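J.: Sequence first, then the predicted structure, then my questions.
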Amino acid sequence: MTDHAGSLELRAGLSGPRYFLAGRLVPNGSVVQLCFSGGWVTGRMEWTGVPDGKPRFHASIELDGGGVVEHSLPLPEGALLRWPGE
């Protein structure tokens, strides 16, 4: 495992449940990096705030010719994430 990388942890907070990464609160829309088999991909994490709902990872896919497609996927439990630049 890479330094400062880990999985999301759902904890109780004063205003309800919140996700944490490497001990830091992950506000909705935070930029994080997700580890794929080929390396780290930068995107943002979003979550509805519903404890049974899975957080999602949103990233842009660059297309030949200059286009961009937005893509989103549910983060599986235990997915390896890190803060950018760490």
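T.: Great, that's in hand. Everything numeric here is computed off the predicted structure, so don't read it as measured data.
J.: would you list every one of the strands in the chain?
T.: Remark: strands assigned in the chain by DSSP state E are 5-6, 9-13, 16-21, 24-25, 30-36, 39-46, 56-62, 68-74, 81-82.
J.: got a list of contacts for the fourth one?
T.: Meaning strand 24-25. With contact meaning Cβ atoms under 8 Å, 6 or more residues apart in numbering, strand 24-25 is reached by Gly13, Arg18, Tyr19, Trp83. Quick note: C-beta positions are derived from backbone N, CA and C, even for glycine.
J.: Please apply the same query to the second one.
T.: Contacts of strand 9-13 from elsewhere in the structure, counted by Cβ under 8 Å, 6+ apart, are Pro17, Arg18, Tyr19, Phe20, Leu21, Leu25, Pro51.
J.: Which one (most neighbours) among the residues you listed?
T.: Tyr19 (22 neighbours; other Cβ atoms under 10 Å).
J.: Spit out the contact partners of it.
T.: Leu8, Glu9, Leu10, Arg11, Leu25, Val26, Met45, Trp47, Pro55.
J.: One more: Val68?
T.: Per Cβ under 8 Å, 6+ apart, neighbours of Val68: Ser60, Ile61, Glu62.
J.: ok, the last one - contacts?
T.: This means Glu62. Shown in contact with Glu62 (Cβ under 8 Å, 6+ apart): Val68.
J.: Please identify the buried residues of the helix or strand bottoming out on mean pLDDT in the chain?
T.: Across the helices and strands of the chain, mean pLDDT, DSSP states H and E gives its lowest value to strand 9-13, namely a mean of 91. Within strand 9-13, no residue counts as buried by 16 or more other Cβ atoms under 10 Å.
J.: Looking at the strands of the chain, which one is packed in the most?
T.: strand 81-82 (a mean of 21; mean count of other Cβ atoms under 10 Å).
J.: residues making contact with it?
T.: Applying Cβ under 8 Å, 6+ apart, the contact partners of strand 81-82 are 2, 4-8, 21-22, 32-35, 40, 45, 75.
J.: want to throw the contacts of Tyr19 into a markdown table with distance to Val68?
T.: Listed next are these as a markdown table, based on distance: Cβ to Cβ, whole Å:
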| residue | distance to Val68 |
| --- | --- |
| Leu8 | 26 |
| Glu9 | 31 |
| Leu10 | 31 |
| Arg11 | 34 |
| Leu25 | 29 |
| Val26 | 24 |
| Met45 | 19 |
| Trp47 | 23 |
| Pro55 | 22 |
